[in-house]
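Peer 1: After the sequence you'll find the predicted model.
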Amino acid sequence: MIGSRSCHFTHAICRLPSADLSDGLRAIDTGTPDPARFAADHADYVAALRATGADVTVLDALDAFPDGVFVEDTALCLPEAAILMRPGAPSRAGEVAHMAPALAVAYGDAIITLPAPARIEGGDILVTETEVLVGLSARTDRAGVDALRAALRPFPLGLRVVDTPPGVLHFKTDCSLLAPDTVLATKRLAASGCFDGYKVIHTAEGEEAAANAIRFNDLVIVPAGFPRTAAALDEAGFTVRAIGNTEAAKLDGGMSCLSLRFSPPTIA
Ligand code: CIR
């Protein structure tokens, strides 16, 4: 299937938002997310993933980890193996051990750990059909990139180091893969040239927060509230589903952060 590595997935893992989100990390305090609204948006998100036919596991909330709902940062899931991340945010490091058992159900022992002192979070990694782009950021350092490069060596994917724009949390805060050869990106990120060779659809002016979307099977799932970017995606032929993101956004989270998406190897 075209895009089977980067766009089509049989499985996803999500985690319910913690009841107390007040200590969640954020660059700017715009208020504590409302738990009921966050839960309702999260349920819509899970339903959208399931509507594509995927097997979606929803893990219990981790009340000791207010950012635990942002599961993407805990692992990089490839068709060959799951690679456990080493989050650069100290308050998030413990989330990984809580994710590992759920990944073991799908991956068996095809789970790779990275050595210290690597620091790397899933939000900084964009997997396309042929390569892995890793953005250096406040959360992902050179040691993290080197450790990931070594872990990927057996697999048919190149790794390219790119820069996350200053002040932007993760590389994928500003971009998403839409199709094997097409990305959605903010103009500030695309201007770096990191997507040369790809078709680029830019977020509309003032709608930069729409860049964190996901292609998941037949859907492109975008945060609600960015109508001009959604219209551009629709015009380009994508099936767009908008999901409320006001509460996750208060913790700098978006559509990619809320799931791990993968097609695991067949395990005996
Ligand atoms: C954090 O700062 O770590 C969380 N509040 C947001 C994480 C968003 N994750 C992602 O973009 N992959």
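Peer 2: Structure's in. What do you need? Just so it is clear, the model here is predicted, and its values are computed rather than measured. Numbers count the residues shown, from 1 in each chain.
Peer 1: From residue 155, how far off is residue 3?
Peer 2: 17 Å (Cβ to Cβ, to the nearest Å). Yep, even glycine has a C-beta here, placed from its N, CA and C like the rest.
Peer 1: Assign residue 242 to helix, strand or coil.
Peer 2: strand (DSSP: H, G, I helix; E, B strand; the rest coil).
Peer 1: Dig out what residue 58 forms beta bridges with.
Peer 2: With DSSP bridges as the criterion, residue 58 is bridged to residue 14.
Peer 1: contacting residues around it?
Peer 2: Going by Cβ atoms under 8 Å, 6 or more residues apart in numbering, residue 58 touches 13, 14, 15, 16, 46.
Peer 1: Now do the strands in the stretch 1-150 of the chain.
Peer 2: Here the stretch 1-150 of the chain has its strands, by DSSP state E, counting those that start in this stretch, at 11-15, 55-59, 75-77, 82-84, 111-112, 125-127, 131-136.
Peer 1: quick one: which of those is nearest residue 97?
Peer 2: Distance to residue 97, taken as Cβ to Cβ, is lowest for strand 82-84 among those, at 8.8 Å.
Peer 1: Switch the strands of the stretch 1-150 of the chain over to a markdown table; also include distance to residue 161.
Peer 2: Formatted as a markdown table, the strands of the stretch 1-150 of the chain follow (distance: least, Cβ to Cβ, whole Å):
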| stretch | distance to residue 161 |
| --- | --- |
| strand 11-15 | 27 |
| strand 55-59 | 31 |
| strand 75-77 | 15 |
| strand 82-84 | 16 |
| strand 111-112 | 19 |
| strand 125-127 | 11 |
| strand 131-136 | 6 |
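Peer 1: Spit out the contact partners of residue 221.
Peer 2: Residues in contact with residue 221 (Cβ under 8 Å, 6+ apart) are 45, 48, 49, 213, 214, 241, 242, 243, 255.
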